[in-house]
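Participant: starting from these lines, generate the structure:
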Amino acid sequence: MEEIILAFIASLCPAIMYNVTRKNLLWVGLSGMLGWITYAWILESTGNVVISSFLGAVVVGLYSESVARLIKAPAMVFSIPGIFPLVPGIAIYNSTQYISENKLFEAANTGIQAIASAAAIAFGILLISAVFRLLKKRKNKNLRSI
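Facilitator: Below is the predicted model:
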């Protein structure tokens with residue numbers, strides 16, 4: 001429960017920094033919270049950080065695109081702060097620390113894992129955004145043909 005609350009707060013802080021309107025702050029916090037719940041659940045089930053990061057980002061993307069259409073706000077307002085709890089900051093920190101301690105094998109392992117997690121997050125958000133844009137384009141095309 002503590003991690004879920006911290007994920008909510010971790011999404012709120014960048015949202016406040018990016019001047020998200022007050023009425024959208026709750027929705028932004030829920031975005032990060034849902035992404036973290038998915039990440040933690042998949043990580044516990046599979047033990048794979050990259051897959052967990054990807055699916056957490058997919059959930060953030062789905063939530064962001066859906067809420068954006070309901071509230072009539074840009075999806076980026078919800079997706080960018082929503083992925084903050086998923087960012088592999090500790091892996092990057094550990095990789096840097098291992099480099100300074102001349103533990104190059106551990107540095108390579110954690111560095112590759114951090115880069116793969118970051119790429120999985122980016123791909124998850126990109127994938128959902130592209131799917132929603134294609135669906136919107138198809139809907140507009142069908143409306144014009146009527």
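Participant: what's around the residue lying closest to Ala107 once chain neighbours are set aside, how many residues?
Facilitator: In space, Ala107 comes closest to Tyr98 once its chain neighbours are excluded; the distance is 3.7 Å by Cβ to Cβ, 6 or more residues apart in numbering. To be clear about C-beta, it is placed using only N, CA and C from the backbone, and glycine gets the same treatment. Tyr98: 18 surrounding residues under other Cβ atoms under 10 Å.
Participant: give the contact list for Tyr98.
Facilitator: Taking Cβ atoms under 8 Å, 6 or more residues apart in numbering as the criterion, Tyr98 is in contact with Leu104, Glu106, Ala107, Thr110.
Participant: next up, phi/psi of the first one, please.
Facilitator: Phi and psi for Leu104, reported as degrees, to the nearest 10, are phi -70, psi -30.
Participant: still on that earlier bit, what's the helix or strand for the residue nearest to Ala107?
Facilitator: helix 89-100 (DSSP states H and E).
Participant: okay, the residue nearest the centre of the chain: pLDDT?
Facilitator: Nearest to the geometric centre of the chain sits Ile83, at 2.7 Å (Cα atoms, centre = their mean). Looking at Ile83, its pLDDT is 95.
Participant: returning to that earlier point: what separates the residue nearest to Ala107 from Gly111, distance-wise?
Facilitator: Tyr98 sits at a distance of 8 Å from Gly111 (criterion: Cβ to Cβ, to the nearest Å).
Participant: for this structure, just list every one of the helices.
Facilitator: Secondary structure of the chain (DSSP state H): helices at 2-17, 22-46, 49-71, 76-82, 89-100, 104-144.
Participant: out of those helices, which one sits most buried?
Facilitator: Neighbour counts (mean count of other Cβ atoms under 10 Å) averaged over each of those peak at helix 76-82, with a mean of 25.
Participant: packing partners for that one?
Facilitator: Helices and strands touching helix 76-82, by 3 or more Cβ pairs under 8 Å, 6 or more residues apart in numbering; DSSP states H and E, are helix 2-17, helix 22-46, helix 49-71.
Participant: same list (these) but as a markdown table, adding mean pLDDT.
Facilitator: A markdown table is the format used below for the helices and strands packed on helix 76-82 (pLDDT from 0 to 100):
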| stretch | mean pLDDT |
| --- | --- |
| helix 2-17 | 94 |
| helix 22-46 | 95 |
| helix 49-71 | 96 |
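Participant: good, we can wrap up now.
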